[in-house]
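[1] With the input below, show me the fold.
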Amino acid sequence: MNIHSYINNDVLPLLPNYPVKMVRGMFSNCTNTHIPVVEDNRLLGNISEDDVQGFDPDKKISDYLYALDLFYVQKSTNWLDVLEAFAKFNSNILPILDENSIYVGYYELIDIMSLFKETPFLNEPGGILIVEKGHTDYSFSEISQIVESNDGKLLGAFISNDAEDVTQITMKIGNIGLNNIIQTFRRYNYNIVSGNEEDSYIEGLKLRSDYLNKFLKI
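    You can find the predicted model right below:
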C-alpha cells in the first residue's frame, strides 16, 4: 500500500530562529500536537503544543532545542509501521525523512487511519476468530494452512496479546462458516478464545476509528 500521496506540507516546519510567540500562534491555527523544527532541511526535533505554552514568548525556539522530541519515520516505512509509530510517540503528526535524512514533510494520523479503514480486514465480510498457543508452538504458516485447508480466506491476522508464554492471534476469515476451522484449530492444540461469525468486533473498530476521526477534526 503506497502512502506517499499522503505526505503533507500544509503546516511548514519551524526554524530555530522563530520566536516562541509566533509558534504559539501557529499552534492556535492548526490541530497538530507537534510541529517539526528543521534547519538546512535536517530535522532537529519536534516541538509540542503543551511545551511551547510554558516557554518565554520573548525567546526563540533555539533557546529550547533541549526540549524537542526527536521522532520520525522514513519515507520507505510501510503504513503499518507508520501507524505503530503514531501510537508509540503519542502524536497526530509524524515527520518523514528520505534516504538521505532530508525532511520531506509529515503524515497525519487521520490519513493513516483512513487507510486502515479501507483494508479488507475491515471492509470485507467475514468472521472473527481469536486463538492462542504457546510462544514457540504456533506459526503463521500453520495458521494460514488451517484456514485454507477448510476453504476459508484469511483476510488478516495479527498478534493481539503476548504474555505469560502464550501468544494470542486475532484473525478475520471470509468465505465460510467458522465451525470447521475452529474444530481444526482445536485438533492442532490451539485454545479458542473467541469465535464470532457476527462482525461486531469489526464494527467496534470502525466506530472507534470514526470517533477518532471526529476527535481529530475538533
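
[2] drop to CA atoms for contacts and neighbour counts, all remaining ones
    Noted.

[3] Now do the domain split for the chain, please.
    Residue ranges for the domains of the chain, per automatic domain parsing: 4-116, 120-205.

[4] Least confident of these, on average?
    Of all the domains of the chain, domain 120-205 carries the lowest average pLDDT, namely a mean of 84.

[5] Okay, strands next: where are they in the protein?
    For the chain, the strands defined by DSSP state E cover 34-39, 42-48, 73-74, 93-97, 103-108, 127-134, 153-163, 166-174, 191-196.

[6] Nearest to I3 among those would be which one?
    Between I3 and those, the tightest spacing by CA to CA is seen for strand 103-108, at 9.0 Å.

[7] before we move on, back to that, would TSV of the domains of the chain with mean neighbour count be doable?
    Formatted as TSV, those follow (neighbours: other CA atoms under 10 Å):
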stretch	mean neighbour count
domain 4-116	17
domain 120-205	16
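
[8] quick revisit: reformat the strands of the chain as TSV; add distance to N9.
    Output for those, formatted as TSV (distance: least, CA to CA, whole Å):
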stretch	distance to N9
strand 34-39	11
strand 42-48	14
strand 73-74	15
strand 93-97	10
strand 103-108	5
strand 127-134	38
strand 153-163	32
strand 166-174	36
strand 191-196	43
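
[9] which one of the ones you listed lies closest to T119?
    strand 153-163 (9.1 Å).

[10] Run the angle between that closest one and strand 166-174 for me.
    Counting by axes from the mean of the first three to the mean of the last three CA atoms, to 10 degrees, strand 153-163 lies at 160 degrees to strand 166-174.

[11] Other residues contacting strand 153-163?
    The contact list for strand 153-163, computed with CA atoms under 8 Å, 6 or more residues apart in numbering, reads 120-121, 124, 144, 147-148, 167-176.

[12] Same question for stretch 130-143.
    Applying CA under 8 Å, 6+ apart, the contact partners of stretch 130-143 are 165-171, 189-195.

[13] measure the residue nearest to Y103 when sequence neighbours are not counted to Y188 for me?
    Nearest residue to Y103, sequence neighbours excluded (CA to CA, 6 or more residues apart in numbering): L97, at 4.6 Å. Distance, L97 to Y188, using CA to CA, to the nearest Å: 45 Å.

[14] Against the centre of the chain, work out the most remote residue.
    Of all residues in the chain, D58 has its C-alpha farthest from the mean position, at 36.8 Å, by CA atoms, centre = their mean.

[15] Thought K21 was touching that residue, still the case?
    Yes: D58 is in contact with K21 according to CA atoms under 8 Å; the separation is 6.6 Å.

[16] Which neighbours do those two have in common?
    By CA under 8 Å, 6+ apart, no residue touches both D58 and K21.
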